[in-house]
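J.: Could you work out the structure for the sequence below:
(2 chains)
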Number of protein chains: 2
Amino acid sequence: MEKAIGVFDSGLGGLTAVKELAALMPNENIIYLGDTARVPYGSRSPETLIRFAKEDLSFVLRQNVKAVLVACGTISSVALPILKKECPVFVEGVVGPAARSAAAKTKNGKVAVIATNATINSGAYRKELSSIDNNIEVFEKACPMFVPIVENGYFGRDNAAAKIIVSDYLSEVKRSGADTVILGCTHYPILRPLIADFLGPDVNLVDSGKEAAKVICEKIKADGLCSDSENLGGHTYYVTDEPSGFVNLAELFLDRKIGNEVKKAVLTEENI
Amino acid sequence: MEKAIGVFDSGLGGLTAVKELAALMPNENIIYLGDTARVPYGSRSPETLIRFAKEDLSFVLRQNVKAVLVACGTISSVALPILKKECPVFVEGVVGPAARSAAAKTKNGKVAVIATNATINSGAYRKELSSIDNNIEVFEKACPMFVPIVENGYFGRDNAAAKIIVSDYLSEVKRSGADTVILGCTHYPILRPLIADFLGPDVNLVDSGKEAAKVICEKIKADGLCSDSENLGGHTYYVTDEPSGFVNLAELFLDRKIGNEVKKAVLTEENI
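T.: Predicted coordinates:
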């Protein structure tokens, strides 16, 4: 069987990256892992996140993959250098691709990053943006309620509670004058309409999962690893909690049916 | 050293029960475990919850305890019968004590239960209430956003987003006409002022952790296992993620300082 592209996340968020990857490379097999028994990751400590990340990557590598997309802003921020050192195939996270896209897009040199607590505490986006262009002013804001409101269906454009929470977190972002805002967590594209309504049409929103999908796609092409064009692009979704609870929201994130493609994954403490 | 009372929860919520236990039995040593690396539990499947519950109980039993309070509504609902079978000391959850208290308090025979998805799906409170009095009408409502809003500080009495979320979930509860509402998750007492404001002064609110603490206290007294009255009642808090992230909110839940009493716990898959 053709080798697949491996993608993993704490839960559902990474599916926004899978959607982009499937649009860019419809002939590729994709293996997805969502650690739904331990989601969310954004409030955990670096030590715990590194342990979870190694277990996740170890599982994905056992599925015959030719490249890995870490479709979780938190793991990308906290553990990517460690994973890169230990991973035998190309592995990319969302931070570098999103930072490069934002640096290219900003006109006033002010970029804001919104993400989980762990991502903001890591300073990963700030460091990446500064290494690209030291003159970029970076404004960071943790938005810890964004994942729970997405996971619990509070993301309708007219949802009154979601509008207040968006306003609570993003008022400072608006005041920062940033013309470009990185959605530094792969759950956040689901809130894009609400975020765009609040920040207005003149602010660029950078979808970190989408940018990472583009990088994976370019790398696979450059390395001559593309799948045969007659391949149908099979997807398999693994979750660490029961599959049944995953399917409905996952189909909403992916905008396609996946009922039969979801399996239970057992992670082990075995390191990569 | 005097044997302790063991208490465990997914995270912070169970501390509302510890507070009650310490007030009732100030001379008792208390060992608390919060599984902060895997919180929240309320959205997980029964299979995963049973695995987590066994690992939690196994850790608590290794700490020299004379009784165990399962201060988590979700584990109490889904796994208590299994834990009872395997536990060598007295173990009680929050469902039975809260249901008995609600059955005694209701005047119109209508009791509502608000709790996590997993608790409501288990039907545990409904079964318990029916076994006490088959004539009680039970109304159940899952409130999956209540744990995230508590964990992220959205619980002030005037918090606009929290007020909307409380109203979203509890409008049906209000319409049910229940005169008694069980707070079926140990996080919910933190939202008590908001819930009471919405439901009005004529509705009894039953704090499930408090009721369970009373039962543990009575049992220890009945069995002659009370600690020496000169014991100072030492508390030790274990968490599965880093202690530093736990302390601030924990002190708010407990209304006392605990900085030096928090340690890191490593859970194993070893069964009890």
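
J.: Which of the helices or strands spans A:K219?
T.: Remark: A:K219 resides in helix A:208-222, with elements defined by DSSP states H and E.

J.: so what does that helix touch, helix or strand wise?
T.: helix A:15-24, strand A:65-70, helix A:73-78, strand A:90-92, helix A:95-105 (3 or more Cβ pairs under 8 Å, 6 or more residues apart in numbering or on different chains; DSSP states H and E). The C-beta positions use only the backbone N, C-alpha and C, and glycine is treated the same way.

J.: now the residue of chain A most remote from its centre: how far from A:P88?
T.: Residue farthest from the centre of chain A, counting by Cα atoms, centre = their mean, is A:E230 at 28.4 Å. Taking Cβ to Cβ, to the nearest Å as the measure, A:E230 falls 28 Å from A:P88.

J.: Now the residue of the stretch 51-200 of chain A found nearest chain B: closest residue in space that isn't a chain neighbour?
T.: The shortest separation between the stretch 51-200 of chain A and chain B is 3.4 Å, found at A:P148 (distances taken as Cβ to the nearest Cβ). Sequence neighbours aside, B:P148 is the residue nearest to A:P148 in space, at 3.4 Å (criterion: Cβ to Cβ, 6 or more residues apart in numbering or on different chains).

J.: Surely the one you found and A:F146 touch.
T.: No: with contacts counted by Cβ atoms under 8 Å, B:P148 stays clear of A:F146, the gap being 10.3 Å.

J.: Which one of these two is surrounded by more residues?
T.: Regarding B:P148 and A:F146, a neighbour count based on other Cβ atoms under 10 Å in any protein chain shown identifies A:F146 as having more, with 28 against 23.

J.: Can you classify A:I31 by secondary structure?
T.: With DSSP: H, G, I helix; E, B strand; the rest coil as the basis, the three-state label of A:I31 is strand.

J.: In contact with it: list those residues for me.
T.: Under the criterion of Cβ atoms under 8 Å, 6 or more residues apart in numbering or on different chains, the contact list for A:I31 reads A:4-7, A:60, A:63, A:65, A:235-236, A:238.

J.: okay, how far is it across stretch A:69-85, tip to tip?
T.: The distance separating the two terminal residues of stretch A:69-85, taken as Cα to Cα, to the nearest Å, comes to 15 Å.

J.: same thing with stretch A:228-241?
T.: Start to finish, the residues bounding stretch A:228-241 are 33 Å apart (Cα to Cα).

J.: Return the set of buried residues in it.
T.: The neighbour-count criterion (16 or more other Cβ atoms under 10 Å in any protein chain shown) identifies A:233, A:235, A:237-241 as the buried residues of stretch A:228-241.

J.: Now do the helix or strand bottoming out on mean pLDDT in chain A: everything it contacts.
T.: Across the helices and strands of chain A, mean confidence by mean pLDDT, DSSP states H and E is lowest for helix A:244-254: a mean of 88. Contact partners of helix A:244-254, identified using Cβ under 8 Å, 6+ apart, comprise A:12-13, A:15-16, A:18-19, A:22, A:34, A:36, A:151, A:190, A:237, A:239, A:257-259, A:262, B:43, B:45.

J.: Can I get the buried part of these as one PyMOL selection?
T.: A single PyMOL command is used to select the members of these judged buried by 16+ other Cβ under 10 Å:
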select buried, (chain A and resi 12+13+15+16+18+19+22+34+36+151+190+237+239+258+262) or (chain B and resi 43+45)
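
J.: Which ones among the contacts of helix A:244-254 map onto strands?
T.: Restricting the contacts of helix A:244-254 to those inside strands, with DSSP state E as the criterion, leaves A:34, A:237, A:239, A:262.

J.: Now the third one. Nearest residue, chain neighbours left out?
T.: Closest residue in space to A:V239, ignoring its immediate chain neighbours: A:T36 at 4.5 Å, by Cβ to Cβ, 6+ apart.

J.: Can you lay out the helices and strands packed on helix A:208-222 as TSV showing distance to B:G200 and mean pLDDT?
T.: Putting the helices and strands packed on helix A:208-222 into TSV (distance: least, Cβ to Cβ, whole Å; pLDDT from 0 to 100) gives the following:
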stretch	distance to B:G200	mean pLDDT
helix A:15-24	42	96
strand A:65-70	49	98
helix A:73-78	41	98
strand A:90-92	55	98
helix A:95-105	48	98
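
J.: most packed of these?
T.: Among the helices and strands packed on helix A:208-222, ranked by average contacts under mean count of other Cβ atoms under 10 Å in any protein chain shown, first place goes to helix A:73-78 (a mean of 32).

J.: For the helix or strand following that helix, list every residue counted as buried.
T.: With elements assigned by DSSP H and E, the helix or strand that comes after helix A:73-78 is helix A:80-86. Residues of helix A:80-86 classed as buried by neighbour count (16+ other Cβ under 10 Å): A:80, A:83.

J.: Output the contacting helices and strands for helix A:80-86.
T.: Contacts of helix A:80-86 with other secondary structure elements, assessed using 3+ Cβ pairs under 8 Å, 6+ apart, are made with helix A:46-61, strand A:90-92.

J.: now those as TSV including distance to chain B?
T.: Compiled in TSV, the helices and strands packed on helix A:80-86 are given as follows (distance: least, Cβ to the nearest Cβ, whole Å):
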stretch	distance to chain B
helix A:46-61	5
strand A:90-92	24
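
J.: Let me know the pLDDT of the closest residue to A:N64 other than its chain neighbours.
T.: For A:N64, ignoring the flanking residues on the chain, the nearest one in space by Cβ to Cβ, 6+ apart is A:K3 at 5.5 Å. In the predicted model, A:K3 carries a pLDDT score of 94.

J.: A:K3: what's it in contact with?
T.: Shown here is A:K3, whose contacts under the criterion Cβ under 8 Å, 6+ apart are A:29, A:64-66, A:225.

J.: mind running it again at 10 Å?
T.: The contact partners of A:K3, taken as Cβ atoms under 10 Å, 6 or more residues apart in numbering or on different chains, are A:28-29, A:31, A:63-67, A:89, A:220, A:225, A:227.

J.: about what we covered before: tell me if I'm right that the residue nearest to A:P148 and B:C185 touch.
T.: No: shown here, B:P148 and B:C185 do not form a contact pair, counting by Cβ atoms under 10 Å, at 11.9 Å.

J.: hey, what's in contact with both of these two?
T.: Taking Cβ under 10 Å, 6+ apart as the contact rule, B:P148 and B:C185 both touch B:40, B:42.

J.: What about A:G153, how many residues nearby?
T.: Under the neighbour criterion other Cβ under 10 Å, A:G153 is assigned a count of 14.

J.: Nearest to chain B among the buried residues of stretch A:228-241?
T.: Of all those, chain B sits closest to A:D241, with 5.0 Å by Cβ to the nearest Cβ.

J.: mind listing what that closest one touches?
T.: For A:D241, the set of contacting residues under the criterion of Cβ under 10 Å, 6+ apart consists of A:11, A:34-39, A:264-265, B:43-45, B:47-49.

J.: Just the pLDDT at it, thanks.
T.: Model confidence at A:D241, given as pLDDT, is 95.

J.: Helix or strand: which one has it?
T.: Assigned by DSSP H and E, A:D241 falls outside every helix and strand.

J.: what about A:P144, which SS state?
T.: When the structure is reduced to helix, strand and coil (three-state DSSP), A:P144 reads as coil.

J.: circling back to that earlier point, surely the residue of the stretch 51-200 of chain A closest to chain B meets B:G42?
T.: No: with contact defined as Cβ under 10 Å, A:P148 does not count as touching B:G42 (11.2 Å).
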